[in-house]
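S.K.: predicted model and sequence follow; I will ask about them next.
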Amino acid sequence: MTELPTQTEKKLGLVIDLDTCVGCHACVISCKGWNTENYGAPLSDQDPYGAAPTGTFLNRVHSYEVQPETGPAQLIHFPKSCLHCEDAPCVTVCPTGASYKRVEDGIVLVNESDCIGCGLCAWACPYGAREMDQDQGVMKKCTLCVDRIYNENLPAEDREPACVRTCPAGARHFGDLGDPDSEVSQLVAERGGLDLMPEQGTKPVNQYLPPRLKDDYTNTGEIDILAPLLDPVAPDAKGLLGWLDKALEKL
């Protein structure tokens, strides 16, 4: 079995803002594109245009409707990928050492040449963050775009995970969560970042920022804030528009 490092020099990871994510899936598409064209073997798809398509994705977005104790129901978009846990059970259960955690930055990776496709790491991961590639017969997972963040051939602004670079809402942030002075650490402290399923004891590096409660206008007696925007622009149309309106009424 593979051993975990006692400590890492950095804790690179993601901070995901559930209040800002709009569920557009841009992060999913960019992740699929980058990791198919660059790192390791391509992420395969099976019958992608058929009735029952399947495929390998390193990042997925799930959407849930939740009902807070107070206020209206909210639609929460929840992106999920590997959380690069400090105490990663997917690493310690690997029989070949293919799954490992790097000392220099804390990123959890899979050496595909050593992976035998046994699936033990997927069973051990409480987050369902690993996927077996049916074509390659090996386990795939988020790499934090390790081939981007250290690539000096890329412009400085592109040396971050593809999902972070692509997010149009600015809901994804990347940095060293082991540094209390980093931007991501300060963001977590300000917004009360949360571990996903802390009861599992995996100590995930990735953090989630909770969604804020939405304003409730249903029982306040206030005028609907959208009402002025729904009024007709020209209630008494004249000229060509007036003639067209009358003609349409007779149809």
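M.R.: Good, I have the coordinates.
S.K.: and the helices in the stretch 101-250 of the chain?
M.R.: 120-124, 146-149, 162-166, 183-191, 227-230, 239-250 (DSSP state H, counting those that start in this stretch).
S.K.: among those helices, which comes closest to residue 23?
M.R.: Closest approach to residue 23 among the helices of the stretch 101-250 of the chain (Cβ to Cβ): helix 162-166, 13.5 Å. Where C-beta positions appear, they are placed from N, C-alpha and C, glycine not excepted.
S.K.: least reliable of the helices of the stretch 101-250 of the chain by average pLDDT, please.
M.R.: Mean pLDDT is lowest for helix 227-230 out of the helices of the stretch 101-250 of the chain, coming in at a mean of 64.
S.K.: quick one: residue 151 and residue 159 touch, right?
M.R.: Yes. Between residue 151 and residue 159 there is a contact under Cβ atoms under 8 Å: 6.4 Å.
S.K.: remind me which residues of the stretch 1-150 of the chain are low pLDDT?
M.R.: For the stretch 1-150 of the chain, residues meeting the criterion pLDDT under 70 lie at 1, 38-41.
S.K.: for it, what spans make up the strands?
M.R.: Assigned by DSSP state E, counting those that start in this stretch, the strands in the stretch 1-150 of the chain fall at 12-17, 45-46, 54-55, 60-66, 74-80, 99-101, 108-110, 131-133, 138-140.
S.K.: residue nearest the centroid of the protein?
M.R.: Centroid-nearest residue in the chain, with Cα atoms, centre = their mean: residue 79, separated by 3.2 Å.
S.K.: in contact with that one, which residues?
M.R.: By Cβ atoms under 8 Å, 6 or more residues apart in numbering, residue 79 lies in contact with 16, 21, 27, 28, 59, 60, 61, 62, 163, 171, 172.
S.K.: buried subset of the residues you listed as a PyMOL selection?
M.R.: Listed next is the PyMOL selection for buried residues among the contacts of residue 79, using 16 or more other Cβ atoms under 10 Å:
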select buried, resi 16+21+27+28+59+60+61+163+171+172
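S.K.: mind listing what's buried in stretch 192-204?
M.R.: Within stretch 192-204, the residues that qualify as buried are 193, 195, 196, 202, 204, counting by 16+ other Cβ under 10 Å.
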